[in-house]
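[1] give me the fold of what follows.
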Amino acid sequence: MRSDQAQKTCVLNMTHQTASSLIRDFEKLDILKKWEKVGRNQGYVFSRYLALFLE
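    Okay, here's the model as predicted:
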């Protein structure tokens, strides 16, 4: 596990596997959308929140 992943899971108090599972669930529920990918890192956007500013 890279140090940035370890830091995020520590702050969120969950394992990397749990965080990944939540992200997949949020994508299925159309809460999160993939935004950009840089290397192995993936960016996400809270689509409903972003839509408030785009309408």
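[2] biggest helix in this protein by residues?
    Longest helix in the chain, counting residues (DSSP state H): helix 16-28.
[3] mind listing what's buried along whichever strand or helix holds L50?
    L50 is located in helix 47-54, with elements delineated by DSSP states H and E. For helix 47-54, a neighbour-count test (16 or more other CB atoms under 10 Å) marks nothing as buried. The way it works is simple: take the backbone N, C-alpha and C, and place the C-beta from them, glycine included.
[4] restricting to C-alpha, output that helix in PDB.
    The C-alpha coordinates for helix 47-54 follow below in PDB (Å, rounded to 0.1, in the frame of the first residue of the first chain):
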ATOM      1  CA  SER A  47     -22.300  14.400  -9.400                       C
ATOM      2  CA  ARG A  48     -25.400  15.700  -7.700                       C
ATOM      3  CA  TYR A  49     -23.500  18.300  -5.800                       C
ATOM      4  CA  LEU A  50     -21.600  19.400  -8.900                       C
ATOM      5  CA  ALA A  51     -25.000  19.600 -10.800                       C
ATOM      6  CA  LEU A  52     -26.100  22.400  -8.400                       C
ATOM      7  CA  PHE A  53     -23.500  24.600  -9.800                       C
ATOM      8  CA  LEU A  54     -23.900  23.700 -13.400                       C
END
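[5] relative to helix 16-28, how tilted is it?
    Taking axes from the mean of the first three to the mean of the last three CA atoms, to 10 degrees, one finds that helix 47-54 is oriented at 50 degrees with respect to helix 16-28.
[6] quick one: low-confidence parts of this structure?
    1-11 (pLDDT under 70).
[7] who does K34 bridge with?
    Y44 (DSSP bridges).
[8] hmm, G43 and it touching each other?
    Yes. At 7.3 Å, K34 and G43 qualify as touching, with contact defined as CB atoms under 8 Å.
[9] how far does the longest helix of the chain sit from its chain's centre?
    Averaging C-alpha positions (CA atoms, centre = their mean, to the nearest Å) puts helix 16-28 7 Å from its chain's average.
[10] now E36. Nearest residue, chain neighbours left out?
    G43 (4.5 Å; CB to CB, 6 or more residues apart in numbering).
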